[in-house]
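**Q** how does the following fold in three dimensions:
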Amino acid sequence: MRYTIILILLLVNSHIQAQDISKLVNDYTSSYANTGDFSGCILITKNDKIIFKNCYGYANQSFKVPNEVNTKFKIGSVSKQFTASAILLMEQEGLLKTTDTLSTFFPKNPNAELITIQQLLTHTSGITDIYNVPDFNKLSCQKNTISDVTILVLDSDLQFKPGTQYQYSNGGYAILAEIIEKLSGRTYQDYLNEKYFNH
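**A** The predicted model follows:
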């Protein structure tokens with residue numbers, strides 16, 4: 001499936017007619033949706049024009065509620081790609097360097113001097129995963145700001161010396177999201193909307 005998706009992306013960038021791409025994408029995706037191996041929505045644009053848009057499968061399998069264009073999906077860790085991209089964009093704009101330590105943004109935290117933005121991006125910071133924070137279950141049932149989560153994660157003990165190991169960390173990306181908010185003066189969501197989604 002991965003190679004077919006790459007082929008489709010290459011075709012989108014070629015001079016093939018939009019209707020040919022639409023048929024190719026629809027036929028391919030339908031074959032997976034019909035067997036229950038894909039459920040979701042696909043949008044392909046070229047030069048700010050929509051050349052393909054369709055939804056497949058169910059938003060709720062039990063009640064046979066179909067996916068629609070306005071269906072909201074839990075995107076989970078897909079957001080990390082946008083977070084990393086936003087941090088690198090801020091570096092291009094001269095707002096930060098990935099070699100900066102967290103003390104630039106969180107001067108009162110004793111661990112902040114030890115950890116760089118690069119280490120957060122690459123999951124080598126030693127920052128605990130959010131699921132390891134004490135009272136995570138209680139925390140997950142409350143409405144929290146990014147700052148609330150960042151404080152809890154930064155106040156937790158490091159899992160290892162920064163830069164010495166790899167450990168996937170949602171908490172590290174919460175810290176990156178707060179850095180985006182601090183530097184942009186906007187919420188993480190508003191910043192991403194402005195830079196990536198509202199064109």
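**Q** from here on, just use CA atoms for contacts and neighbour counts.
**A** Noted.
**Q** got the domain boundaries for this structure?
**A** For the chain, automatic domain parsing gives the domain ranges 2-66, 76-193.
**Q** G57 is in contact with E68, correct?
**A** No. Look at E68 against G57 with CA atoms under 8 Å: they stay out of range, at 9.2 Å.
**Q** so for these two, which sits in the more crowded spot?
**A** G57 (22 against 15; other CA atoms under 10 Å).
**Q** figure out the helix or strand that the residue nearest the centre of the chain lives in.
**A** With distances taken as CA atoms, centre = their mean, S79 lies nearest the centre of the chain, 1.1 Å away. Taking DSSP states H and E as the criterion, S79 maps to helix 79-92.
**Q** what does the helix or strand that comes right after that helix contact?
**A** Sequence order places helix 117-121 as the next helix or strand after helix 79-92, per DSSP H and E. Helix 117-121 is contacted from outside by 84, 97-102, 125, 127, 162-163, 172-173, 176, using CA atoms under 8 Å, 6 or more residues apart in numbering.
**Q** buried subset of those residues, written for PyMOL?
**A** Of the contacts of helix 117-121, the buried ones can be selected in PyMOL as follows, counting by 16 or more other CA atoms under 10 Å:
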select buried, resi 84+97+98+101+102+125+127+162+163+172+173+176
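**Q** on that earlier part again, pLDDT averaged over the helix holding S79, what's the number?
**A** Averaged across helix 79-92, pLDDT comes to 96.
**Q** what does stretch 171-180 give?
**A** 96.
**Q** show residues contacting it.
**A** Residues contacting stretch 171-180 (CA under 8 Å, 6+ apart): 80, 83-84, 86-87, 105, 117, 120-121, 123, 125, 127-130, 146-147, 149-150, 153, 188, 191.
**Q** sorry, back to before: by mean pLDDT, show me the worst of the domains of the chain.
**A** domain 2-66 (a mean of 80).
**Q** return the most buried member of the domains of the chain.
**A** Mean neighbours per residue, mean count of other CA atoms under 10 Å, is largest over the domains of the chain for domain 76-193, with a mean of 17.
**Q** next one: R186 from A177, what distance?
**A** The gap separating R186 from A177 is 11 Å, by CA to CA, to the nearest Å.
**Q** the protein: helices as residue ranges?
**A** Along the chain, counting by DSSP state H, helices occupy 2-12, 18-33, 79-92, 117-121, 136-140, 146-155, 170-184, 188-192.
**Q** mind putting these into TSV with distance to F63?
**A** Shown next, in TSV, are the helices of the chain (distance: least, CA to CA, whole Å):
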stretch	distance to F63
helix 2-12	30
helix 18-33	17
helix 79-92	28
helix 117-121	39
helix 136-140	27
helix 146-155	34
helix 170-184	32
helix 188-192	31
